[in-house]
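In: just coords:
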(Lines give C-alpha, C1' and ligand atoms only; values in the text may rest on other atoms or scores of the structure.)
Protein backbone atom coordinates (compact mmCIF):
# COMPACT_ATOMS: atom_id res chain seq x y z
CA UNK A 1 0.00 0.00 0.00
CA UNK A 2 1.20 3.50 -0.83
CA UNK A 3 2.25 5.81 1.98
CA UNK A 4 -0.15 8.68 2.63
CA UNK A 5 0.75 12.14 1.38
CA UNK A 6 -1.26 13.84 4.13
CA UNK A 7 -2.28 12.37 7.47
CA UNK A 8 -4.56 14.25 9.82
CA UNK A 9 -5.11 12.46 13.09
CA UNK A 10 -7.73 13.47 15.65
CA UNK A 11 -7.22 17.17 15.06
CA UNK A 12 -9.22 19.66 17.12
CA UNK A 13 -9.07 23.41 16.70
CA UNK A 14 -10.86 26.32 18.36
CA UNK A 15 -10.86 30.06 17.74
CA UNK A 16 -11.03 31.53 21.25
CA UNK A 17 -13.78 29.46 22.86
CA UNK A 18 -15.51 28.38 19.66
CA UNK A 19 -14.74 24.83 18.59
CA UNK A 20 -14.22 24.72 14.82
CA UNK A 21 -12.82 21.22 14.34
CA UNK A 22 -13.39 18.25 16.60
CA UNK A 23 -11.24 15.13 16.36
CA UNK A 24 -10.97 15.19 12.60
CA UNK A 25 -8.95 12.40 10.95
CA UNK A 26 -8.29 12.27 7.23
CA UNK A 27 -5.74 10.69 4.91
CA UNK A 28 -4.84 11.52 1.33
CA UNK A 29 -2.89 9.10 -0.85
CA UNK A 30 -0.84 9.75 -3.99
CA UNK A 31 -3.15 10.31 -6.96
CA UNK A 32 -6.20 11.29 -4.90
CA UNK A 33 -8.40 14.14 -6.09
CA UNK A 34 -10.51 14.96 -3.07
CA UNK A 35 -13.13 17.67 -2.56
CA UNK A 36 -13.44 18.89 1.02
CA UNK A 37 -16.99 20.11 1.34
CA UNK A 38 -19.27 21.35 4.09
CA UNK A 39 -21.52 24.23 5.06
CA UNK A 40 -20.30 27.70 6.05
CA UNK A 41 -18.40 27.58 9.31
CA UNK A 42 -17.86 23.83 9.10
CA UNK A 43 -14.08 24.24 9.35
CA UNK A 44 -13.06 23.39 5.77
CA UNK A 45 -10.63 26.28 5.26
CA UNK A 46 -9.36 25.92 8.82
CA UNK A 47 -8.50 22.27 8.21
CA UNK A 48 -6.74 23.15 4.97
CA UNK A 49 -4.71 25.86 6.71
CA UNK A 50 -3.73 23.38 9.40
CA UNK A 51 -2.56 20.94 6.72
CA UNK A 52 -0.21 23.50 5.14
CA UNK A 53 1.09 24.80 8.47
CA UNK A 54 -0.68 28.16 8.55
CA UNK A 55 -2.59 27.24 11.71
CA UNK A 56 -1.61 24.96 14.56
CA UNK A 57 -4.19 22.62 16.09
CA UNK A 58 -4.71 22.54 19.84
CA UNK A 59 -5.04 18.75 19.70
CA UNK A 60 -4.05 16.04 17.27
CA UNK A 61 -1.27 15.73 14.75
CA UNK A 62 -0.65 16.36 11.07
CA UNK A 63 1.93 14.64 8.89
CA UNK A 64 3.05 15.59 5.39
CA UNK A 65 4.86 12.87 3.44
CA UNK A 66 5.28 10.90 6.66
CA UNK A 67 6.85 13.77 8.62
CA UNK A 68 5.32 15.67 11.51
CA UNK A 69 4.36 19.14 10.32
CA UNK A 70 6.69 20.77 12.86
CA UNK A 71 9.63 18.89 11.32
CA UNK A 72 8.54 19.18 7.71
CA UNK A 73 10.91 21.30 5.61
CA UNK A 74 10.32 20.09 2.05
CA UNK A 75 7.84 22.81 1.20
CA UNK A 76 8.58 22.52 -2.51
CA UNK A 77 6.61 19.26 -2.44
CA UNK A 78 3.36 21.14 -1.80
CA UNK A 79 1.52 23.80 -3.77
CA UNK A 80 -1.08 26.12 -2.25
CA UNK A 81 -3.71 28.35 -3.81
CA UNK A 82 -5.39 30.55 -1.16
CA UNK A 83 -8.96 31.75 -1.00
CA UNK A 84 -10.12 34.83 -2.97
CA UNK A 85 -6.86 35.28 -4.82
CA UNK A 86 -8.42 37.73 -7.24
CA UNK A 87 -8.91 40.08 -4.28
CA UNK A 88 -5.12 40.23 -3.89
CA UNK A 89 -4.78 41.85 -7.29
CA UNK A 90 -5.19 45.60 -6.92
CA UNK A 91 -4.80 48.46 -9.36
CA UNK A 92 -1.60 49.69 -7.73
CA UNK A 93 0.77 46.74 -8.00
CA UNK A 94 2.46 46.49 -11.43
CA UNK A 95 3.13 42.77 -11.22
CA UNK A 96 3.54 40.88 -14.49
CA UNK A 97 2.25 37.36 -15.00
CA UNK A 98 5.87 36.14 -15.22
CA UNK A 99 6.80 37.80 -11.92
CA UNK A 100 3.71 36.39 -10.20
CA UNK A 101 4.39 32.81 -11.26
CA UNK A 102 8.11 33.14 -10.43
CA UNK A 103 7.16 33.88 -6.80
CA UNK A 104 6.29 30.20 -6.56
CA UNK A 105 9.98 29.33 -6.95
CA UNK A 106 11.12 31.26 -3.87
CA UNK A 107 12.44 28.89 -1.24
CA UNK A 108 12.60 26.07 -3.75
CA UNK A 109 15.80 24.08 -4.41
CA UNK A 110 18.55 25.91 -6.36
CA UNK A 111 18.27 23.36 -9.18
CA UNK A 112 14.74 24.59 -9.82
CA UNK A 113 15.56 28.27 -9.41
CA UNK A 114 18.36 27.96 -11.96
CA UNK A 115 15.75 27.07 -14.59
CA UNK A 116 13.47 29.93 -13.53
CA UNK A 117 12.60 31.31 -16.94
CA UNK A 118 12.03 27.93 -18.61
CA UNK A 119 9.93 26.64 -15.72
CA UNK A 120 7.71 29.73 -15.57
CA UNK A 121 7.06 29.74 -19.32
CA UNK A 122 6.43 25.98 -19.40
CA UNK A 123 4.00 26.22 -16.47
CA UNK A 124 2.12 29.07 -18.11
CA UNK A 125 1.73 26.91 -21.20
CA UNK A 126 0.54 24.05 -18.99
CA UNK A 127 -2.32 26.17 -17.60
CA UNK A 128 -3.23 27.55 -21.02
CA UNK A 129 -1.63 30.98 -20.65
CA UNK A 130 1.25 30.75 -23.12
CA UNK A 131 2.18 34.21 -24.33
CA UNK A 132 0.80 35.95 -21.23
CA UNK A 133 4.15 36.26 -19.38
CA UNK A 134 4.75 40.01 -20.00
CA UNK A 135 1.12 41.02 -19.34
CA UNK A 136 0.19 42.82 -16.13
CA UNK A 137 -1.74 40.57 -13.74
CA UNK A 138 -4.27 43.32 -12.97
CA UNK A 139 -5.24 43.53 -16.63
CA UNK A 140 -6.38 39.88 -16.87
CA UNK A 141 -9.89 38.55 -16.27
CA UNK A 142 -10.75 36.82 -12.98
CA UNK A 143 -10.56 33.38 -14.60
CA UNK A 144 -7.16 34.12 -16.12
CA UNK A 145 -5.86 35.47 -12.81
CA UNK A 146 -7.06 32.26 -11.20
CA UNK A 147 -4.96 30.21 -13.61
CA UNK A 148 -1.93 32.44 -12.97
CA UNK A 149 -2.20 31.65 -9.25
CA UNK A 150 -2.55 27.96 -10.10
CA UNK A 151 0.61 28.27 -12.22
CA UNK A 152 2.39 29.88 -9.27
CA UNK A 153 1.47 26.88 -7.11
CA UNK A 154 2.54 24.44 -9.84
CA UNK A 155 5.81 26.01 -10.98
CA UNK A 156 7.88 24.23 -8.32
CA UNK A 157 6.49 20.91 -9.58
CA UNK A 158 4.74 19.94 -6.30
CA UNK A 159 3.46 16.45 -5.53
CA UNK A 160 0.32 17.65 -3.77
CA UNK A 161 -1.82 20.71 -4.41
CA UNK A 162 -4.09 22.37 -1.85
CA UNK A 163 -6.74 24.80 -3.08
CA UNK A 164 -9.04 26.86 -0.87
CA UNK A 165 -12.26 27.72 -2.73
CA UNK A 166 -10.20 28.74 -5.75
CA UNK A 167 -13.03 29.76 -8.05
CA UNK A 168 -14.84 32.22 -5.79
CA UNK A 169 -15.82 35.23 -7.85
CA UNK A 170 -15.06 33.53 -11.17
CA UNK A 171 -17.76 32.97 -13.82
CA UNK A 172 -19.15 29.51 -14.55
CA UNK A 173 -17.32 28.96 -17.86
CA UNK A 174 -13.99 29.87 -16.28
CA UNK A 175 -14.77 27.56 -13.35
CA UNK A 176 -15.43 24.66 -15.70
CA UNK A 177 -12.15 25.25 -17.56
CA UNK A 178 -10.35 25.48 -14.24
CA UNK A 179 -11.70 22.18 -12.93
CA UNK A 180 -11.03 20.44 -16.25
CA UNK A 181 -7.45 21.62 -15.92
CA UNK A 182 -7.25 20.25 -12.37
CA UNK A 183 -8.62 16.91 -13.63
CA UNK A 184 -5.91 16.81 -16.28
CA UNK A 185 -3.20 17.59 -13.69
CA UNK A 186 -4.56 14.83 -11.47
CA UNK A 187 -4.44 12.33 -14.33
CA UNK A 188 -0.80 13.32 -14.77
CA UNK A 189 -0.19 12.20 -11.17
CA UNK A 190 -0.76 15.28 -9.01
CA UNK A 191 -2.56 14.71 -5.69
CA UNK A 192 -5.20 17.38 -5.13
CA UNK A 193 -7.29 18.52 -2.18
CA UNK A 194 -9.78 21.22 -2.97
CA UNK A 195 -11.99 23.05 -0.49
CA UNK A 196 -15.30 24.04 -1.99
CA UNK A 197 -18.81 24.87 -0.86
CA UNK A 198 -20.27 23.91 -4.20
CA UNK A 199 -20.10 20.17 -4.78
CA UNK A 200 -22.21 20.51 -7.92
CA UNK A 201 -19.39 22.35 -9.68
CA UNK A 202 -16.60 19.88 -8.87
CA UNK A 203 -18.88 16.87 -8.97
CA UNK A 204 -17.74 15.56 -12.35
CA UNK A 205 -14.05 15.98 -11.68
CA UNK A 206 -13.19 14.70 -8.21
CA UNK A 207 -12.55 11.07 -7.22
CA UNK A 208 -13.13 11.38 -3.48
CA UNK A 209 -15.30 13.52 -1.24
CA UNK A 210 -14.67 14.46 2.37
CA UNK A 211 -17.62 16.02 4.11
CA UNK A 212 -16.89 18.20 7.11
CA UNK A 213 -19.21 19.64 9.67
CA UNK A 214 -16.91 20.34 12.60
CA UNK A 215 -16.37 16.56 12.59
CA UNK A 216 -15.66 14.49 9.51
CA UNK A 217 -19.10 13.28 8.45
CA UNK A 218 -18.01 11.29 5.41
CA UNK A 219 -14.85 10.44 3.52
CA UNK A 220 -14.93 8.07 0.60
CA UNK A 221 -15.24 7.58 -3.12
CA UNK A 222 -17.33 10.04 -5.05
CA UNK A 223 -19.83 7.39 -6.24
CA UNK A 224 -20.36 6.23 -2.68
CA UNK A 225 -21.02 9.81 -1.63
CA UNK A 226 -23.67 10.24 -4.33
CA UNK A 227 -25.41 7.01 -3.32
CA UNK A 228 -25.68 8.13 0.28
CA UNK A 229 -28.80 10.31 0.43
CA UNK A 230 -28.26 11.35 4.03
CA UNK A 231 -24.87 12.82 3.28
CA UNK A 232 -25.39 13.80 -0.35
CA UNK A 233 -28.61 15.52 0.60
CA UNK A 234 -26.96 17.98 2.98
CA UNK A 235 -29.75 20.51 3.03
CA UNK A 236 -30.34 23.82 4.79
CA UNK A 237 -32.15 23.36 8.04
CA UNK A 238 -30.72 19.93 8.69
CA UNK A 239 -30.29 19.91 12.45
CA UNK A 240 -27.02 18.04 12.20
CA UNK A 241 -25.36 20.95 10.46
CA UNK A 242 -24.04 24.32 11.48
CA UNK A 243 -24.49 27.27 9.18
CA UNK A 244 -26.00 26.93 5.74
CA UNK A 245 -25.16 26.22 2.14
CA UNK A 246 -24.58 29.05 -0.28
CA UNK B 1 34.08 79.58 -9.02
CA UNK B 2 30.78 77.72 -9.36
CA UNK B 3 29.09 75.52 -6.78
CA UNK B 4 30.56 72.44 -8.47
CA UNK B 5 34.02 73.51 -7.31
CA UNK B 6 33.13 73.20 -3.63
CA UNK B 7 33.85 69.94 -1.82
CA UNK B 8 30.85 70.37 0.50
CA UNK B 9 28.50 70.32 -2.48
CA UNK B 10 29.99 67.08 -3.84
CA UNK B 11 29.75 65.44 -0.42
CA UNK B 12 26.12 66.56 -0.17
CA UNK B 13 25.36 65.31 -3.66
CA UNK B 14 26.94 61.87 -3.16
CA UNK B 15 25.36 61.37 0.27
CA UNK B 16 21.98 62.56 -0.99
CA UNK B 17 22.06 60.40 -4.10
CA UNK B 18 22.94 57.37 -1.99
CA UNK B 19 19.99 58.09 0.28
CA UNK B 20 17.55 58.78 -2.56
CA UNK B 21 18.52 55.68 -4.53
CA UNK B 22 18.12 53.35 -1.54
CA UNK B 23 15.06 54.98 0.07
CA UNK B 24 12.84 54.70 -3.01
CA UNK B 25 12.87 50.90 -3.40
CA UNK B 26 12.39 50.33 0.35
CA UNK B 27 9.43 52.72 0.16
CA UNK B 28 7.83 50.54 -2.53
CA UNK B 29 7.72 47.55 -0.17
CA UNK B 30 6.32 49.71 2.64
CA UNK B 31 3.54 50.98 0.37
CA UNK B 32 2.65 47.46 -0.74
CA UNK B 33 2.43 46.38 2.90
CA UNK B 34 0.09 49.37 3.54
CA UNK B 35 2.80 50.53 5.92
CA UNK B 36 3.84 53.85 4.42
CA UNK B 37 3.29 55.62 7.75
CA UNK B 38 5.90 53.48 9.51
CA UNK B 39 8.89 55.69 8.53
CA UNK B 40 6.93 58.74 9.70
CA UNK B 41 6.39 57.13 13.12
CA UNK B 42 10.02 56.04 13.27
CA UNK B 43 11.18 59.63 12.73
CA UNK B 44 9.41 60.54 15.98
CA UNK B 45 11.23 57.73 17.75
CA UNK B 46 14.54 58.74 16.19
CA UNK B 47 13.90 62.18 17.66
CA UNK B 48 13.82 60.50 21.08
CA UNK B 49 17.23 58.97 20.37
CA UNK B 50 18.60 62.37 19.38
CA UNK B 51 17.21 64.02 22.53
CA UNK B 52 18.65 61.20 24.64
CA UNK B 53 22.03 61.70 22.98
CA UNK B 54 21.92 65.42 23.75
CA UNK B 55 20.86 64.73 27.36
CA UNK B 56 23.69 62.24 27.92
CA UNK B 57 26.19 64.23 25.87
CA UNK B 58 26.60 61.05 23.85
CA UNK B 59 26.37 60.35 20.14
CA UNK B 60 22.85 61.39 19.04
CA UNK B 61 23.10 59.60 15.68
CA UNK B 62 24.14 56.29 17.24
CA UNK B 63 21.52 56.47 19.98
CA UNK B 64 18.86 57.39 17.43
CA UNK B 65 19.89 54.36 15.38
CA UNK B 66 19.63 51.96 18.33
CA UNK B 67 16.32 53.37 19.58
CA UNK B 68 14.77 53.42 16.09
CA UNK B 69 15.75 49.89 15.12
CA UNK B 70 14.51 48.52 18.46
CA UNK B 71 11.25 50.47 18.13
CA UNK B 72 10.70 49.16 14.60
CA UNK B 73 11.01 45.62 15.92
CA UNK B 74 8.81 46.42 18.92
CA UNK B 75 5.99 47.83 16.82
CA UNK B 76 6.01 44.66 14.75
CA UNK B 77 5.69 42.51 17.85
CA UNK B 78 2.95 44.70 19.30
CA UNK B 79 0.94 44.42 16.09
CA UNK B 80 1.16 40.65 16.10
CA UNK B 81 0.75 39.92 19.78
CA UNK B 82 -1.59 42.65 21.01
CA UNK B 83 -4.00 42.15 18.10
CA UNK B 84 -4.48 45.84 17.36
CA UNK B 85 -4.84 47.51 13.97
CA UNK B 86 -1.53 48.18 12.23
CA UNK B 87 -2.08 51.93 11.88
CA UNK B 88 -3.09 52.15 15.56
CA UNK B 89 0.28 50.67 16.57
CA UNK B 90 2.03 53.18 14.31
CA UNK B 91 -0.03 56.05 15.75
CA UNK B 92 0.81 55.05 19.32
CA UNK B 93 4.52 54.73 18.47
CA UNK B 94 4.60 58.16 16.83
CA UNK B 95 2.82 59.84 19.74
CA UNK B 96 4.87 58.22 22.47
CA UNK B 97 8.12 58.78 20.56
CA UNK B 98 7.49 62.48 20.19
CA UNK B 99 6.28 62.88 23.77
CA UNK B 100 9.40 61.22 25.12
CA UNK B 101 11.60 63.33 22.85
CA UNK B 102 10.01 66.55 24.07
CA UNK B 103 10.53 65.57 27.72
CA UNK B 104 14.15 64.47 27.14
CA UNK B 105 14.98 67.59 25.11
CA UNK B 106 13.56 69.71 27.91
CA UNK B 107 15.63 67.89 30.51
CA UNK B 108 18.70 68.33 28.31
CA UNK B 109 17.87 72.04 27.89
CA UNK B 110 18.59 71.54 24.21
CA UNK B 111 15.77 73.37 22.45
CA UNK B 112 18.34 75.05 20.28
CA UNK B 113 19.99 74.92 16.90
CA UNK B 114 21.34 71.39 17.49
CA UNK B 115 17.82 70.01 17.74
CA UNK B 116 16.66 71.99 14.72
CA UNK B 117 19.50 70.47 12.68
CA UNK B 118 17.96 67.05 13.21
CA UNK B 119 14.40 68.23 12.68
CA UNK B 120 14.99 69.96 9.35
CA UNK B 121 18.37 68.50 8.36
CA UNK B 122 21.01 70.19 6.29
CA UNK B 123 22.52 68.11 3.57
CA UNK B 124 25.08 70.80 2.76
CA UNK B 125 26.89 70.25 6.05
CA UNK B 126 27.25 66.46 5.96
CA UNK B 127 30.71 65.27 6.86
CA UNK B 128 32.98 62.96 4.87
CA UNK B 129 32.20 60.16 7.35
CA UNK B 130 28.47 60.67 6.95
CA UNK B 131 28.87 60.56 3.18
CA UNK B 132 30.72 57.27 3.42
CA UNK B 133 28.06 55.99 5.82
CA UNK B 134 25.35 56.85 3.27
CA UNK B 135 27.24 55.06 0.52
CA UNK B 136 27.67 52.02 2.75
CA UNK B 137 23.98 52.06 3.58
CA UNK B 138 23.11 52.23 -0.11
CA UNK B 139 25.30 49.23 -0.92
CA UNK B 140 23.85 47.28 2.01
CA UNK B 141 20.24 48.16 1.17
CA UNK B 142 20.58 47.31 -2.51
CA UNK B 143 22.38 44.05 -1.68
CA UNK B 144 19.59 43.06 0.72
CA UNK B 145 16.88 43.93 -1.80
CA UNK B 146 18.70 42.08 -4.53
CA UNK B 147 18.90 38.95 -2.34
CA UNK B 148 15.54 39.14 -0.55
CA UNK B 149 13.49 41.54 -2.68
CA UNK B 150 11.44 38.82 -4.34
CA UNK B 151 10.67 37.18 -0.99
CA UNK B 152 9.69 40.58 0.47
CA UNK B 153 7.37 41.05 -2.50
CA UNK B 154 5.82 37.62 -1.92
CA UNK B 155 5.15 38.48 1.73
CA UNK B 156 3.73 41.91 0.86
CA UNK B 157 1.53 40.55 -1.91
CA UNK B 158 0.27 37.25 -0.48
CA UNK B 159 1.54 36.57 3.02
CA UNK B 160 -0.48 33.38 3.47
CA UNK B 161 0.97 31.69 0.39
CA UNK B 162 4.45 32.93 1.25
CA UNK B 163 4.12 31.27 4.64
CA UNK B 164 2.81 28.06 3.07
CA UNK B 165 5.94 28.07 0.87
CA UNK B 166 8.06 27.77 4.00
CA UNK B 167 9.35 31.37 3.94
CA UNK B 168 10.42 32.82 7.28
CA UNK B 169 7.92 35.65 7.33
CA UNK B 170 9.02 37.17 10.62
CA UNK B 171 12.67 37.40 9.56
CA UNK B 172 11.67 39.11 6.33
CA UNK B 173 9.46 41.59 8.15
CA UNK B 174 12.30 42.32 10.58
CA UNK B 175 14.62 42.95 7.65
CA UNK B 176 12.24 45.49 6.11
CA UNK B 177 11.76 47.20 9.48
CA UNK B 178 15.52 47.36 10.05
CA UNK B 179 16.18 48.84 6.59
CA UNK B 180 13.45 51.43 7.19
CA UNK B 181 14.94 52.38 10.56
CA UNK B 182 18.45 52.68 9.11
CA UNK B 183 17.27 54.93 6.29
CA UNK B 184 15.30 57.13 8.68
CA UNK B 185 18.29 57.72 10.91
CA UNK B 186 20.82 58.31 8.13
CA UNK B 187 18.31 60.45 6.26
CA UNK B 188 17.52 62.69 9.20
CA UNK B 189 20.91 64.40 8.94
CA UNK B 190 20.24 65.24 5.31
CA UNK B 191 16.58 66.06 4.84
CA UNK B 192 15.59 66.16 8.51
CA UNK B 193 13.23 64.07 10.60
CA UNK B 194 10.20 65.94 9.36
CA UNK B 195 10.82 65.11 5.70
CA UNK B 196 12.78 61.86 5.51
CA UNK B 197 9.64 59.72 5.47
CA UNK B 198 8.42 61.65 2.43
CA UNK B 199 11.61 60.82 0.55
CA UNK B 200 10.98 57.16 1.31
CA UNK B 201 7.36 57.04 0.24
CA UNK B 202 6.84 59.57 -2.58
CA UNK B 203 9.36 58.18 -5.14
CA UNK B 204 7.96 54.69 -4.54
CA UNK B 205 4.39 55.91 -5.02
CA UNK B 206 5.41 57.66 -8.25
CA UNK B 207 7.12 54.53 -9.58
CA UNK B 208 4.07 52.36 -8.80
CA UNK B 209 1.96 54.66 -10.99
CA UNK B 210 3.95 54.26 -14.18
CA UNK B 211 5.90 50.98 -13.97
CA UNK B 212 4.97 48.08 -16.24
CA UNK B 213 6.57 45.43 -14.04
CA UNK B 214 7.67 45.14 -10.43
CA UNK B 215 11.33 45.04 -11.41
CA UNK B 216 10.87 48.26 -13.37
CA UNK B 217 9.06 49.76 -10.39
CA UNK B 218 12.08 49.21 -8.13
CA UNK B 219 14.47 50.77 -10.65
CA UNK B 220 12.18 53.75 -11.22
CA UNK B 221 11.72 54.39 -7.49
CA UNK B 222 15.51 54.58 -7.06
CA UNK B 223 15.80 56.80 -10.12
CA UNK B 224 13.05 59.17 -8.91
CA UNK B 225 14.66 59.29 -5.46
CA UNK B 226 18.08 60.08 -6.92
CA UNK B 227 16.75 62.67 -9.36
CA UNK B 228 14.76 64.33 -6.55
CA UNK B 229 17.99 64.80 -4.59
CA UNK B 230 19.85 66.07 -7.66
CA UNK B 231 17.08 68.48 -8.66
CA UNK B 232 16.31 69.64 -5.15
CA UNK B 233 19.92 70.22 -4.24
CA UNK B 234 20.60 72.16 -7.43
CA UNK B 235 17.46 74.25 -6.98
CA UNK B 236 18.38 74.98 -3.38
CA UNK B 237 21.77 76.33 -4.44
CA UNK B 238 20.50 78.34 -7.41
CA UNK B 239 17.38 79.72 -5.74
CA UNK B 240 18.72 79.83 -2.18
CA UNK B 241 16.07 77.45 -0.84
CA UNK B 242 16.29 75.02 2.07
CA UNK B 243 17.65 71.81 0.46
CA UNK B 244 15.43 69.36 2.39
CA UNK B 245 12.23 71.10 1.32
CA UNK B 246 13.41 71.46 -2.27
CA UNK B 247 14.33 67.75 -2.48
CA UNK B 248 10.95 66.56 -1.21
CA UNK B 249 9.12 69.05 -3.44
CA UNK B 250 10.99 67.62 -6.42
CA UNK B 251 9.87 64.11 -5.47
CA UNK B 252 6.33 65.47 -5.22
CA UNK B 253 6.74 66.79 -8.75
CA UNK B 254 7.68 63.32 -9.97
CA UNK B 255 4.58 61.90 -8.30
CA UNK B 256 2.29 64.43 -9.99
CA UNK B 257 3.95 63.76 -13.36
CA UNK B 258 3.51 60.01 -12.84
CA UNK B 259 -0.17 60.44 -11.99
CA UNK B 260 -0.61 62.49 -15.14
CA UNK B 261 1.36 60.00 -17.28
CA UNK B 262 -0.82 57.13 -16.09
CA UNK B 263 -4.03 59.02 -16.81
CA UNK B 264 -3.06 59.93 -20.37
CA UNK B 265 -1.84 56.41 -21.24
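Out: Happy to help now that I have it. Predicted model only: the values in this text are computed from it and were never measured.
In: May I ask which helix or strand of chain A has the lowest mean pLDDT?
Out: Within chain A, no helix or strand scores below helix A:229-232, which has a mean of 64 by mean pLDDT, DSSP states H and E.
In: So out of everything in chain A, what residue is nearest chain B?
Out: Residue nearest to chain B within chain A: residue A:75 (3.2 Å; CB to the nearest CB). Quick note: C-beta positions are derived from backbone N, CA and C, even for glycine.
In: measure that residue to residue A:52 for me?
Out: As judged by CB to CB, to the nearest Å, residue A:75 and residue A:52 stand 9 Å apart.
In: who touches the most centrally placed residue in chain A in this structure?
Out: By CA atoms, centre = their mean, chain A has its centre lying nearest to residue A:163, at 1.5 Å. For residue A:163, the contact set (CB atoms under 8 Å, 6 or more residues apart in numbering or on different chains) comprises A:80, A:81, A:150, A:153, A:182, A:192, A:193, A:194, A:195.
In: mind checking how far the helix or strand where it lies is from the chain centre?
Out: Here residue A:163 sits within strand A:160-164, counting by DSSP states H and E. On the basis of CA atoms, centre = their mean, to the nearest Å, strand A:160-164 sits 2 Å off its chain's mean C-alpha point.
In: Would you indicate which residues of stretch B:152-172 are buried?
Out: Across stretch B:152-172, burial judged by 16 or more other CB atoms under 10 Å in any protein chain shown covers B:152-167, B:169, B:172.
In: State the phi and psi torsions of the closest residue to residue A:164 other than its chain neighbours.
Out: Distances taken as CB to CB, 6 or more residues apart in numbering or on different chains put residue A:83 closest to residue A:164, at 4.3 Å, once the chain neighbours are dropped. Residue A:83 adopts backbone torsions of phi -70, psi 150, taken as degrees, to the nearest 10.
In: who touches residue A:83 in this structure?
Out: The contact partners of residue A:83, taken as CB under 8 Å, 6+ apart, are A:45, A:164, A:165, A:166, A:168, A:195.
In: same deal with residue B:174?
Out: B:73, B:76.
In: Just the element for it, please.
Out: In the assignment (DSSP H and E), residue B:174 maps to helix B:169-188.
In: now that helix: how far from the chain's centre is it?
Out: Using CA atoms, centre = their mean, the mean C-alpha position of helix B:169-188 is found 9 Å from that of the whole chain.
In: Spell out the secondary structure type for residue B:146.
Out: Of the three states, residue B:146 takes helix under DSSP: H, G, I helix; E, B strand; the rest coil.
In: That one: how many residues sit nearby?
Out: When neighbours are defined as other CB atoms under 10 Å in any protein chain shown, residue B:146 has 11 of them.
In: my read: residue B:196 touches residue B:183, true?
Out: Yes. Assessed by CB atoms under 8 Å, residue B:196 is found in contact with residue B:183 at 7.4 Å.
In: list residues touching both of those two?
Out: In the contact map built from CB under 8 Å, 6+ apart, the residues linked to both residue B:196 and residue B:183 are B:23, B:39.
In: Contact partners for residue B:78?
Out: Neighbouring residues of residue B:78 by CB under 8 Å, 6+ apart: B:84, B:89, B:92.
In: for it, helix, strand, or coil?
Out: Per three-state DSSP, residue B:78 ends up helix.
In: Need the pLDDT of it.
Out: Predicted confidence (pLDDT) for residue B:78: 82.
In: Quickly note the distance from it to residue B:176.
Out: For residue B:78, the distance to residue B:176 equals 16 Å [CB to CB].
In: Check which helix or strand residue A:62 maps to.
Out: Element membership for residue A:62, per DSSP H and E: strand A:59-64.
In: Let me see the mean pLDDT of stretch A:15-30.
Out: The average pLDDT within stretch A:15-30 is 90.
In: what separates that stretch from the chain centre, distance-wise?
Out: For stretch A:15-30 - counting by CA atoms, centre = their mean - the centre lies 16 Å from the chain centre.
In: Any part of it near chain B?
Out: No. For stretch A:15-30, no contact with chain B is found by CB under 8 Å from any CB of the partner chain; the gap never falls below 11.2 Å.
In: List the buried residues in that stretch.
Out: Neighbour counts over stretch A:15-30 (16+ other CB under 10 Å) mark A:20, A:21, A:22, A:24, A:26, A:27, A:28 as buried.
In: Cross the residues you listed against strands and list the overlap.
Out: Of these, the ones assigned to strands by DSSP state E are A:20, A:21, A:22, A:24, A:26, A:27, A:28.
In: Among those, which one sits closest to residue B:97?
Out: Comparing these against residue B:97 with CB to CB places residue A:20 closest, at 39.5 Å.
In: was I right about that closest one contacting residue A:40?
Out: No. Residue A:20 is not in contact with residue A:40 according to CB under 8 Å; the separation is 11.9 Å.
In: How about the residues of chain B by chain A?
Out: Applying CB under 8 Å from any CB, one finds that chain B approaches chain A through B:31-32, B:150-151, B:153-154, B:157-158, B:160-167, B:208, B:211-217.
In: pLDDT value on residue 98, please?
Out: Answering for chain A, as no chain was given. What the model reports for residue A:98 is a pLDDT of 97.
In: you looked at the wrong chain, it should be chain B
Out: 88.
In: Check the one 3 residues further on too.
Out: Confidence at residue B:101, expressed as pLDDT, is 87.
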